[in-house]
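A.B. asks: Starting from these lines, generate the structure:
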Amino acid sequence: MVVAVVTVLWFGVALPAPALGQPPSGTPAQQINQIINQPVYASAEWGYLVTDAGTGRTVQQLGPDRRLYVPGSSSKLWALTAAWKTLGPDSRITTPVYAIGQRSGATLRGSVVLVGQGDLTLGGRTKPDGTIDFRNIDHTVANAIPDVQLTPEDPLAGLNALAAQVRARGITSIVGDVVVDERLFGLDPTFEAPPLPIMINDNLIDVVATPAATAGTKNAVVTTRALVAPYVLSSAAVDTTAPGSPDTFSAVLGADGKTITVSGAVPAGGPYALRTVTPVDRVAFARAAFIEALQRAGVRVSHTANGPGPDPGTLSTGPNAYPAAAQVASIVSPTYAENAKLILKVSHNPGASLTICLLAVRLGSSDCEAGWSTVKAFLTGAGINLTEVALGAPDGGSEANRESPRAIVDLLTWWLGQPDGPRFRQALAVPGVDGTDAADLINSPARGKISGKDGLRAAGDALNQRILVAGAAYAGYLDLGNGHTDVVAMFMNGATAADTPELLRRFEDVIDVTGLLWQQASQP
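C.D. replies: Residues are numbered from 1 along each chain as shown. Got it, this is the predicted structure:
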């Protein structure tokens, strides 16, 4: 086995094989000991804390103050809490479109400007009831995790709605250009998944290979979503192989920065295979998508969809400095609570990073790093001991991210005293039910009784040809019935794995121990 690249994961995927040679047995406490005392954890350190939410009494603990653990994506809870309370759970983002220039009948001589305001989904996941749709494993991780499914909504629906409004305002011809104004905040290179003020389909092109009904009879059918100019799909074929065969489908952007080449095979009898491609210039990608939406709405555009378009600085002094009278379209986002649910349920990294940028904008800054001052002030006000928390990235992707079990338990306990605490808890993933842990605890009595946020961070160890599990974590609530809730923080740091399946089994052990803690707390 060769560990060729760094592996960074924020989610859990259950595997059918147990981590032990035999499943653990005995009381919940005995099963916990059997899991954490396996030889594979000889160099690892476990730590957890369970407290009674009503009394603050410690129910179970193992080194709750011993060290600051690597939390992985469970550290999303910090920035999202600050944003929830600062921006407001019912706050919404309005993305406007302006017509700058001279109107002559149905012709605009000038520019149509789409001004990014940090809407995470821009109508591309909105269901008829106004909520945001998701699948338990999101398309943003389709290149790392198999069997990812797409939501049915059109990722370009928001742009289509904006284009229809432009047409309804009587503009059928643009003798000029289409501009995307992305100046609300700058691109932060410290983020592993840096957001933009304009996010179209998470700034991804989806490539889907659907197998033929019978292996070997014909090629798989390859389709795309959000494929806009200048990107094109090559004519290469993808085979359909026997049921149970490996999924070797790949979609790669060529050196020309335009051609997406597909290859490999998908097995018959299974679901479609999904891969994603990241556009080279994401602003140009958004501009091309909007131009094509305008054309579909019956608006002619004199300029090509290729390229980033003009500098918006030639049209206004800032993204919020356009004349109100020039606005010709707008789209309003779902609530921030809906965005938080998406981020927490599927561990959406770009959305978590966007949170810090929106906090910076709230302070009047275009530097996303400025948002950390709001997080710090908020956590201090909430009574969190900041000496037990270190954050370098809102999505969990920084080596600096550390926390103690007690610190995150304090945060989650604080939430229980908030009027909107129940609403926040509904945004958390539920093992065995939904979100990234939907496939975990399926046969456990704890299924559906736990809610929270998981985390997994790992990297390739080239020297020893293995994977180092820097951190696996879970933080959330144990619902014990009759209105009784315990708060849990669970960490395992420093194990190793031979390959990706073993890595995911290490993570599954963390979730299993959390489920056993629920069983232990549920006993009379």
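A.B. asks: show me where the protein has helices.
C.D. replies: For the chain, the helices defined by DSSP state H occupy 28-36, 76-87, 157-168, 282-296, 336-346, 349-362, 371-381, 405-416, 421-426, 500-522.
A.B. asks: Now the first one - C-alpha only, PDB.
C.D. replies: In other words, helix 28-36. Taking Å, rounded to 0.1, in the frame of the first residue of the first chain, the C-alpha atoms of helix 28-36 are listed here in PDB:
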ATOM      1  CA  PRO A  28     -21.200  -1.000  27.800                       C
ATOM      2  CA  ALA A  29     -18.200  -0.200  30.000                       C
ATOM      3  CA  GLN A  30     -16.500  -3.500  29.100                       C
ATOM      4  CA  GLN A  31     -17.100  -2.900  25.400                       C
ATOM      5  CA  ILE A  32     -15.600   0.600  25.600                       C
ATOM      6  CA  ASN A  33     -12.500  -0.900  27.200                       C
ATOM      7  CA  GLN A  34     -12.300  -3.600  24.600                       C
ATOM      8  CA  ILE A  35     -12.300  -1.000  21.800                       C
ATOM      9  CA  ILE A  36      -9.900   1.600  23.200                       C
END
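A.B. asks: Residues contacting it, please?
C.D. replies: 19-20, 24-26, 46, 492, 509, 512-513, 516-517, 519-520, 523 (C-beta atoms under 8 Å, 6 or more residues apart in numbering). In this view, the C-beta of every residue, glycine as well, is placed from N, C-alpha and C.
A.B. asks: So which of these is the closest to D410?
C.D. replies: L517 (17.9 Å; C-beta to C-beta).
A.B. asks: give me every residue that touches that closest one.
C.D. replies: Here L517 is in contact with P28, I32, Y48, V50, Q60, L478, V488, M490 (criterion: C-beta under 8 Å, 6+ apart).
A.B. asks: Just these: which are in strands?
C.D. replies: Among these, the members found in strands (DSSP state E) are Y48, V50, Q60, L478, V488, M490.
A.B. asks: What is the nearest of the residues you listed to S398?
C.D. replies: M490 (20.7 Å).
A.B. asks: hang on, isn't V332 packed against P96?
C.D. replies: No - taking contacts as C-beta atoms under 8 Å, V332 lies outside contact range of P96: 10.2 Å.
A.B. asks: out of those two, which sits in the more crowded spot?
C.D. replies: Counted by other C-beta atoms under 10 Å, V332 and P96 do not tie: P96 has more neighbours, with 21 against 13.
A.B. asks: in the sheet, who's paired with the more buried one?
C.D. replies: Bridge pairing for P96 (DSSP bridges) gives the partners S330.
A.B. asks: Same question for V252.
C.D. replies: Where V252 sits in a bridge, its partners, by DSSP bridges, are T261.
A.B. asks: thought it was touching T261?
C.D. replies: Yes - applying C-beta under 8 Å, one finds V252 in contact with T261, separated by 5.4 Å.
A.B. asks: Please pick the buried ones from the contacts of helix 28-36.
C.D. replies: A19, L20, P24, W46, M492, D509, D512, V513, L516, L517, Q519, Q520 (16 or more other C-beta atoms under 10 Å).
A.B. asks: you'd agree the fifth one is up against G471?
C.D. replies: Yes - if you go by C-beta under 8 Å, M492 and G471 touch, sitting 7.4 Å apart.
A.B. asks: circling back to that earlier point, what is the nearest of the contacts of helix 28-36 to I450?
C.D. replies: Of these, the one sitting nearest to I450 (C-beta to C-beta) turns out to be L517, at 9.0 Å.
A.B. asks: Leaving out chain neighbours, which residue sits closest to the most centrally placed residue in the chain?
C.D. replies: For the chain, H348 is the residue whose C-alpha lies nearest the centre (C-alpha atoms, centre = their mean; 0.8 Å). Using C-beta to C-beta, 6 or more residues apart in numbering and skipping residues adjacent in sequence, the residue nearest H348 is L342, 5.5 Å away.
A.B. asks: List the contacts of the one you found.
C.D. replies: L120, T121, R125, I132, F134, H348, G351.
A.B. asks: will you turn the residues you listed into a markdown table that also has distance to A226?
C.D. replies: Shown next, in a markdown table, are these (distance: C-beta to C-beta, whole Å):
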| residue | distance to A226 |
| --- | --- |
| L120 | 15 |
| T121 | 13 |
| R125 | 13 |
| I132 | 17 |
| F134 | 17 |
| H348 | 17 |
| G351 | 17 |
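A.B. asks: pLDDT and distance to L294 for those - can I get that in TSV?
C.D. replies: Shown next, in TSV, are these (pLDDT from 0 to 100; distance: C-beta to C-beta, whole Å):
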residue	pLDDT	distance to L294
L120	98	23
T121	98	20
R125	98	22
I132	98	25
F134	97	29
H348	96	28
G351	96	27
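A.B. asks: Show the average pLDDT along stretch 397-415.
C.D. replies: In this model, stretch 397-415 has a mean pLDDT of 96.
A.B. asks: Renumber starting at 47 from here on
C.D. replies: All set: I'll call the first residue 47, so the last point we hit is now stretch 443-461.
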